[in-house]
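Chemist: sequence plus the predicted model coming up.
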Amino acid sequence: MSTNGLDGLIEALRCLPGIGPKSAQRLAYHLMQHDRPGAARLGDAIQHALAAIRHCRRCNTLTELDVCERCSNPKRDQGLLCVVETPVDMNMMEQTLAYPGLYYVLMGRISPLDGQGARQLQLDRLLARACDGLVKEVILATNYTNEGEATAHYITAMLKSRGLNVTRIARGVPVGGELEFVDSGTLAQALRERRAVEG
């Protein structure tokens, strides 16, 4: 492999979260020196994922289907809609085994410093989903970070103006914490103790 190709691989690996220059270099050399079949599998898996994975038409999560399995499950409570920031957060909510409803995944949060506003989150899609006539309660499960709180505040104002019942998961989740790193027992308690959002 040419030096340019190796440099390109190192640079590409740096797009992964938590991978700096040295880690990227170590991974690239490992793949090229010790595990070329693994590198090929990784490349094939990424190509397949890019071609096959899209956003669910109803909840916006990542799926290979037009409507994901959760959204098409008739046993889920159609009256509950839990709003989370990422698919990882949704998976954490599912691990609590405490939530029977459906989801909407924002794929981010309002963060002006990162150039992420309400328009980038396509909150009009959330509004249409929440106003479908079936949803009785929208549970905001954004992270208890500054950005997550700002996102929850914005969504609360948007949904309450349409007469929807909006609740927020309780602060069993540590302030400044992210759902991805919270144990499922704490998250289940926070879900059970959700409260109405003052608007």
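Modeler: All right, it came through fine.

Chemist: quick check: bridge partners of the residue lying closest to Asn165 once chain neighbours are set aside?
Modeler: Leaving out its chain neighbours, the residue that sits closest to Asn165 by Cβ to Cβ, 6 or more residues apart in numbering is Glu137, at 4.7 Å. C-beta coordinates here come from the backbone N, C-alpha and C atoms, glycine included. Beta-bridge partners of Glu137, counted by DSSP bridges, are Leu80, Asn165.

Chemist: over to Tyr103?
Modeler: Here Tyr103, judged by DSSP bridges, has bridge partners Cys82.

Chemist: surely it is in contact with Met90?
Modeler: Yes - counting by Cβ atoms under 8 Å, Met90 is a contact partner of Tyr103 at 5.1 Å.

Chemist: right, and the residue nearest to Asn165 touches Gln78 too?
Modeler: No - with contact defined as Cβ under 8 Å, Glu137 does not count as touching Gln78 (11.1 Å).

Chemist: so those two - more neighbours on which side?
Modeler: Using other Cβ atoms under 10 Å as the criterion, Glu137 and Gln78 rank with Glu137 on top: 17 against 14.

Chemist: from Val175, how far out is the more buried one?
Modeler: 24 Å (Cβ to Cβ, to the nearest Å).

Chemist: which neighbours do Tyr103 and Met90 share?
Modeler: Contact criterion Cβ atoms under 8 Å, 6 or more residues apart in numbering; residues shared by Tyr103 and Met90: Thr61, Cys82, Val84.

Chemist: who's in contact with the last one?
Modeler: Under the criterion of Cβ under 8 Å, 6+ apart, the contact list for Val84 reads Met90, Met93, Tyr103, Tyr104, Val105, Leu106, Ala141, Thr142, Leu179.

Chemist: tell me the one among those residues nearest to Arg194.
Modeler: The shortest approach to Arg194 among these belongs to Ala141, at 8.4 Å (Cβ to Cβ).

Chemist: shouldn't Leu16 be within a strand?
Modeler: No - Leu16 sits outside any strand when classified using DSSP: H, G, I helix; E, B strand; the rest coil, being coil.

Chemist: so what's the residue most central in space within the chain up against?
Modeler: The C-alpha lying nearest the average C-alpha coordinate of the chain belongs to Thr86 (Cα atoms, centre = their mean; 0.6 Å). Shown in contact with Thr86 (Cβ under 8 Å, 6+ apart): Val105, Leu106, Met107, Gly108, Glu180.
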